[in-house]
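S.K.: I would like the atomic coordinates for the input below:
(chains A and B)
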Amino acid sequence: SAVISQKPSRDICQRGTSLTIQCQVDSQVTMMFWYRQQPGQSLTLIATANQGSEATYESGFVIDKFPISRPNLTFSTLTVSNMSPEDSSIYLCSVSEGTQYFGPGTRLLVL
Amino acid sequence: AQSVAQPEDQVNVAEGNPLTVKCTYSVSGNPYLFWYVQYPNRGLQFLLKYITGDNLVKGSYGFEAEFNKSQTSFHLKKPSALVSDSALYFCAVRDDTGFQKLVFGTGTRLLVSP
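M.R.: From the prediction side, this is the model:
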């Protein structure tokens, strides 16, 4: 299975600022996904990021708040913009090789 | 739309005893079902999946799952629990629109006591 890394692993941010999370995969993959896991809750898909096309956002998530880049087949970024305490979550990227494999997550705390 | 339900927030079992973590699903087509485990401060780890074939699926760390089409269930099982199995377990179903996104259940916390 693909090996996925994320940076940063955790961060504490002030409200109103933005944070960009990086996801790096050790092999080329077509489909990448970004999920959010709010404290004590399950995972919710934010968007699907395919190389060479605009990300596809799920209901309740918008590009202005969560812009995504997918410059090549091994890398993607998710930006959490104009953060508020409600954005405090774990953000996970995943890749699909038939089965989805997940990165270790980025733990974000917004004060 | 696809959905999965995990009716138990927490399952408690003694070490050495068999464990079952329940999952039921609702799909419009063929079910593609998955189990993942999340250890504290770790990402999600893939355990096993059902796509087609045998109803009993074997996965990592001695876990297995039984697919039951008539009961629309995909329960996770292990014959003998270990304290180290204590974690958060998620059942998931893959969307059938072709985009391969996953819909997750609410998760079940497994606590194995010594």
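S.K.: and the pLDDT for the nearest residue to residue A:16 once chain neighbours are set aside?
M.R.: Excluding the flanking residues, the one nearest residue A:16 by CB to CB, 6 or more residues apart in numbering or on different chains is residue A:82, at 6.1 Å. (C-beta placed from N, C-alpha, C; glycine too.) Taken from the predicted model, the pLDDT recorded for residue A:82 is 97.
S.K.: how about the one 5 residues further on?
M.R.: Residue-level confidence at residue A:87 comes out at 97, pLDDT.
S.K.: backbone dihedrals for it, please?
M.R.: Reported as degrees, to the nearest 10, the phi and psi values for residue A:87 are phi -80, psi 0.
S.K.: give the contact list for it.
M.R.: Contact criterion CB atoms under 8 Å, 6 or more residues apart in numbering or on different chains gives A:80, A:108, A:110 as the residues in contact with residue A:87.
S.K.: do that again at 6 Å, thanks
M.R.: Contact analysis of residue A:87 by CB atoms under 6 Å, 6 or more residues apart in numbering or on different chains lists A:80, A:110.
S.K.: and if you look at residue B:62?
M.R.: Contact partners of residue B:62, counting by CB under 6 Å, 6+ apart, are residue B:78.
S.K.: surely residue B:101 and residue B:94 touch.
M.R.: No. Using CB atoms under 6 Å, residue B:101 and residue B:94 do not qualify as a contacting pair, with a distance of 7.3 Å.
S.K.: let me know the pLDDT of residue B:33.
M.R.: The pLDDT attached to residue B:33 in the predicted structure is 95.
S.K.: correction: the previous question concerned residue A:52.
M.R.: Residue A:52 is given a pLDDT of 79.
S.K.: you'd agree it is in a helix?
M.R.: No. Residue state for residue A:52 (DSSP: H, G, I helix; E, B strand; the rest coil) corresponds to coil; a helix is not indicated.
S.K.: list the contacts of the residue lying closest to it once chain neighbours are set aside.
M.R.: In space, not counting the residues next to it along the chain, residue A:52 is nearest to residue A:70; the distance is 7.7 Å by CB to CB, 6+ apart. Listed by CB under 6 Å, 6+ apart, the contact partners of residue A:70 are A:49, A:51, A:76.
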